[in-house]
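1. Turn this into a model:
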Amino acid sequence: MSLDPHNAVLFGSGDELPSNHSHNPHLSELIDQRRRQLLAGGAALGALGFLGVSLPQAVAAAEQSAAARPPFGKRNRLPFDAVAVSRADAITVPAGYRATAFVPWGTPICGRYPAFLEDASNSAQDQAEQVGMHHDGMHFFPLDAQRSLVGGRQSNHGLLVFNNEYIDAPLLHPNGPTTVDGKRSSAEEVRKEINAHGVTIIEIRRDVRGDWQVVPGRYNRRVTAATPMRMAGPARGHALLKTLHSPDGTASRGTQNNCANGYTPWGTYLTCEENWAGYFATRDADLPRELKRYGLRATSRFGWDTLPGDEFQRFDATRKAAAAEGDYRNEPNHFGWIVEIDPFDPDSTPVKHSALGRFAHEGLIFAPVQAGKPLVCYSGDDSQNEYIYKYVSRAKYRPLLRQPGRLLDEGTLYVARFNADGSGDWLALDIHDAAFQAACSAAGVSFADQGEVLINTRLAADIAGATKMDRPEWGAVNPDNGEVYFTLTNNSSRTVADAANPRAANPYGHIIRWREDRRDHAGQHFAWDLFLLAGPQADSRGPGGAALDESNILASPDGLWFDPDGRLWIQTDMSGSQLASGPFGHNQMLVADPRTGEIKRFLTGPIGAEVTGISATPDFRTLFVNIQHPGEGSSATNLLSTWPDGPGRRPRSATVVITREDGKRIL
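-> Next comes the predicted model:
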């Protein structure tokens, strides 16, 4: 039978409910304080610090960079006409560019190469051999990267790897999911849903006409919510990871709700588990802190836990046995991690790196990598009022030694505190750190070991005194000067502003940036300011300090990426009434030039879709962009979008290949 009223609970929003009830300051309070300080002191609100501190080093770096460029006259770094906001069920790009849909959900990639069936009658096994649903974070690996210390330079042949974040169950099945009395009744349907999650890895090649094709071969595979994985780092083997499936706490199964991504200097892919908590249910009234602080509920998003059998009961975190080894009370603790996948080794087992912390990871970005120095990376916790983190490896990066496991498994995790004067501090979440020990003592909270600190990363950050943020999403590092940028997409639950989150209610979002002290990314201090306040013309500020206009108004900034020439690409994720009736049209992608403060809209998406995920070939002649959940909310009998296949066809998430019609570099 088809959907019943219970499904409003089963298949509702996957967004996590706020669970941060600490008294830590919110960034919006600090921004408000900083703005008042600047105005009281008569300080100029310049392009590099219109609501925060100015970054004088950034000015010097830009001038030095400009002086180093050849004297061939000023080059327009945004040489295209901004596209207008749109409500068409199509992809719009500037004149002179071409956008082509590629590898949509259901594209056959391996095994028997089963064709996508328009009525959604493909089996669970078919789905395991096809592109998953709802494309998100993505990276292109040149095929020669597996033999190169510099990442590979081949631009016509490589591996495209991307996340499949979640599913629209009404579209995944012929007539939507079947339920009986609010419970799932078809194991085959649920297996198909599990197989539609995860990561897709495909080999692709550009032909003589410039078109990209899928290459059948040994690299092509799916990593799903059921794929065997292993734990690594301080939490490996911890008592809080012991389950019926893994009595020693070392083995995991699957990855899900994979949003943004990262990639390592040694050529592996990092997928990030975001709104994973909603996949589990627990009937326990008194939840332990490692579940309560992550928002577990009595019912799960898709109801996988309501079917009998171990493969489904692992999503039921209710205590049923005398010890953790007899049930799945600890199964949620196996999620919320960064997962490393070797795209060039189909036989490798994905690894969950616990040293990087457990929360709703949006992505992972690396600071500029230097031989002989520690590896540094950043990640945001994409939930309302959560935090921004930094990880610093204990060992130094030695590219000739192939030491990836050690670098991501042994190090210190920090959380950010943004101060109202425009300074910032990285607070160590380390059980051996004296300041952290003192904070735990003052809060009356104890941890048995570092593994327990990391399983309870959010609680540890609460205790350390981190600054609450407006849903930290993607990050990016400016190749020109090492500044770190993060999107804060929006926050409807906050009532008080602070220095780094300037709106008491923030429906539009903003972009924050910082420069590490003395340009040492492994250091513990930084200076920050705001790069952009999103919103309509009457309530926004662009990178130059002026209000945004019709060529660049945006809301809910999400995806971020710097191209090789230091331009910042910004993708949006509006939803609800803002998407349906606001002045912004459909979700979009813009390009900003941090050197000049110029920003233009480059792309608009189809009805109901999020624009997310971006990567490029080394020659920068092909840009890959993902379009997620076109026609969001559609069902088999009510298609709100028919992109990309046309009238009468189910909407399908897909990658868009963008090229210039003259074959030159994108910009």
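2. for the stretch 351-500 of the chain, what are the low-confidence residue spans?
-> For the stretch 351-500 of the chain, the stretches flagged by pLDDT under 70 are 402-404.
3. Could you check how many residues crowd around V85?
-> By the measure other Cβ atoms under 10 Å, the count of residues near V85 is 18. In this view, the C-beta of every residue, glycine as well, is placed from N, C-alpha and C.
4. I'd say it and G582 touch.
-> No. Using Cβ atoms under 8 Å, V85 is not in contact with G582, being 9.4 Å away.
5. Please give the number of neighbouring residues around the closest residue to Q578 other than its chain neighbours.
-> Spatial nearest neighbour of Q578, chain neighbours left out: A555 (5.9 Å); criterion: Cβ to Cβ, 6 or more residues apart in numbering. Applying other Cβ under 10 Å, we find 24 residues neighbouring A555.
6. for the nearest residue to H510 once chain neighbours are set aside, what are its contacts?
-> In space, not counting the residues next to it along the chain, H510 is nearest to L533; the distance is 4.7 Å by Cβ to Cβ, 6+ apart. By Cβ atoms under 8 Å, 6 or more residues apart in numbering, the contact list for L533 reads 51, 502, 508, 510, 539-541.
7. Which pLDDT value goes with N20?
-> Looking at N20, its pLDDT reads 77.
8. Which of the three states applies to it?
-> coil (DSSP: H, G, I helix; E, B strand; the rest coil).
9. before we move on, which element is the nearest residue to it once chain neighbours are set aside in?
-> Leaving aside its sequence neighbours, N20 sits nearest to N385 (Cβ to Cβ, 6+ apart; 4.4 Å). Here N385 sits within strand 384-386, counting by DSSP states H and E.
10. which residues sit against that strand?
-> With Cβ under 8 Å, 6+ apart, strand 384-386 has contacts from 16, 18, 20, 26, 359-360, 380, 458, 468-472, 491-494.
11. Drop anything exposed from the residues you listed.
-> Buried by 16 or more other Cβ atoms under 10 Å: 16, 18, 20, 26, 359-360, 380, 458, 468-472, 491, 494, out of the contacts of strand 384-386.
12. Mind checking which of those land in strands?
-> 380, 469-470, 472 (DSSP state E).
13. Pull the number of nearby residues for G465.
-> 18.
14. Distance check, it against A251.
-> G465 is 35 Å from A251, where distance means Cβ to Cβ, to the nearest Å.
15. How about T200?
-> T200 is 23 Å from A251, by Cβ to Cβ.
16. Compare those two (neighbour count), which wins?
-> For T200 versus A251, neighbours defined as other Cβ under 10 Å are more numerous around T200 (26 against 16).
17. Identify the residue spatially nearest to the residue most central in space within the chain, adjacent ones excluded.
-> Nearest to the mean C-alpha position of the chain, by Cα atoms, centre = their mean, lies A260 at 2.4 Å. Nearest-residue entry for A260: G363, 2.9 Å, with adjacent residues in sequence omitted and distances by Cβ to Cβ, 6+ apart.
18. Just say helix, strand or coil for the one you found.
-> Applying three-state DSSP: G363 is coil.
19. would D81 count as being in a helix?
-> No. Assessed with three-state DSSP, D81 is coil; it does not lie in a helix.
20. Count the residues that sit near it.
-> When neighbours are counted by other Cβ under 10 Å, D81 comes out with 12.
21. In this structure it contacts A95, no?
-> Yes. Counting by Cβ under 8 Å, D81 touches A95, with 6.5 Å between them.
22. got any residues that touch both of these two?
-> Joint contacts of D81 and A95 (Cβ under 8 Å, 6+ apart) do not exist.
23. Let me know the average pLDDT across the helix or strand containing F141.
-> Taking DSSP H and E as the definition, F141 sits inside strand 135-142. Taken as a whole, strand 135-142 carries a mean pLDDT of 98.
24. circling back: ok, the residue nearest to Q578 - contacts?
-> 490, 507-509, 534-536, 572, 574, 578, 582, 584.
25. Is it possible to mark the buried ones in those?
-> Here, 16+ other Cβ under 10 Å leaves 490, 507-509, 534-535, 572, 574, 578, 582, 584 buried among the contacts of A555.
26. got these as JSON lines, with distance to D421 and secondary structure columns?
-> As requested, those are arranged in JSON lines below (distance: Cβ to Cβ, whole Å; DSSP: H, G, I helix; E, B strand; the rest coil):
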{"residue": "N490", "distance to D421": "26", "secondary structure": "coil"}
{"residue": "P507", "distance to D421": "27", "secondary structure": "coil"}
{"residue": "Y508", "distance to D421": "25", "secondary structure": "coil"}
{"residue": "G509", "distance to D421": "24", "secondary structure": "coil"}
{"residue": "A534", "distance to D421": "24", "secondary structure": "coil"}
{"residue": "G535", "distance to D421": "25", "secondary structure": "strand"}
{"residue": "T572", "distance to D421": "31", "secondary structure": "strand"}
{"residue": "M574", "distance to D421": "33", "secondary structure": "coil"}
{"residue": "Q578", "distance to D421": "33", "secondary structure": "helix"}
{"residue": "G582", "distance to D421": "35", "secondary structure": "coil"}
{"residue": "F584", "distance to D421": "33", "secondary structure": "coil"}
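27. From these, which one has the minimum pLDDT?
-> G582 (86).
28. how about the nearest residue to it, chain neighbours excluded?
-> Using Cβ to Cβ, 6+ apart and skipping residues adjacent in sequence, the residue nearest G582 is A555, 6.6 Å away.
29. for this protein, which spans come out with low pLDDT?
-> Using pLDDT under 70, the flagged stretches of the chain are 1-9, 11-15, 17, 27-75, 147-150, 402-404.
30. For the residue nearest to T572 when sequence neighbours are not counted, give its distance to A461.
-> Nearest residue to T572 in three dimensions, chain neighbours excluded: N587, at 4.7 Å (Cβ to Cβ, 6+ apart). Using Cβ to Cβ, N587 is found at 30 Å from A461.
31. And H525, by the same measure?
-> Counting by Cβ to Cβ, the gap from H525 to A461 is 18 Å.
32. Compare these two (neighbour count), which wins?
-> Looking at H525 and A461 with other Cβ under 10 Å, you find the greater number of neighbours at A461, namely 30 against 14.
33. Regarding the nearest residue to that one once chain neighbours are set aside, what is its secondary structure?
-> What sits nearest to A461 in space, not counting adjacent residues and going by Cβ to Cβ, 6+ apart, is V415, at 4.2 Å. With three-state DSSP as the basis, the three-state label of V415 is strand.
34. Who are the contact partners of V415?
-> 387-390, 426-427, 429, 460-461, 464, 466.
35. Which residue ranges of the stretch 551-667 of the chain form strands?
-> All strands of the stretch 551-667 of the chain, identified by DSSP state E, counting those that start in this stretch, fall at 557-562, 568-572, 588-593, 598-604, 610-616, 623-628, 654-660.
36. what's the distance between the fourth one and the middle of its chain?
-> Between the centre of strand 598-604 and the centre of its chain there are 21 Å (Cα atoms, centre = their mean, to the nearest Å).
37. by contact count, what packs against that strand?
-> Contacts defined by 3 or more Cβ pairs under 8 Å, 6 or more residues apart in numbering; DSSP states H and E place strand 598-604 against strand 588-593.
38. what do you get if the cut-off is 10 Å, keeping everything else the same?
-> Using 3 or more Cβ pairs under 10 Å, 6 or more residues apart in numbering; DSSP states H and E, the elements in contact with strand 598-604 are strand 97-102, strand 568-572, strand 588-593, strand 623-628, strand 654-660.
39. Please apply the same query to the third one.
-> Using 3+ Cβ pairs under 10 Å, 6+ apart as the contact test, the elements touching strand 588-593 are strand 525-533, strand 557-562, strand 568-572, strand 598-604, strand 610-616.
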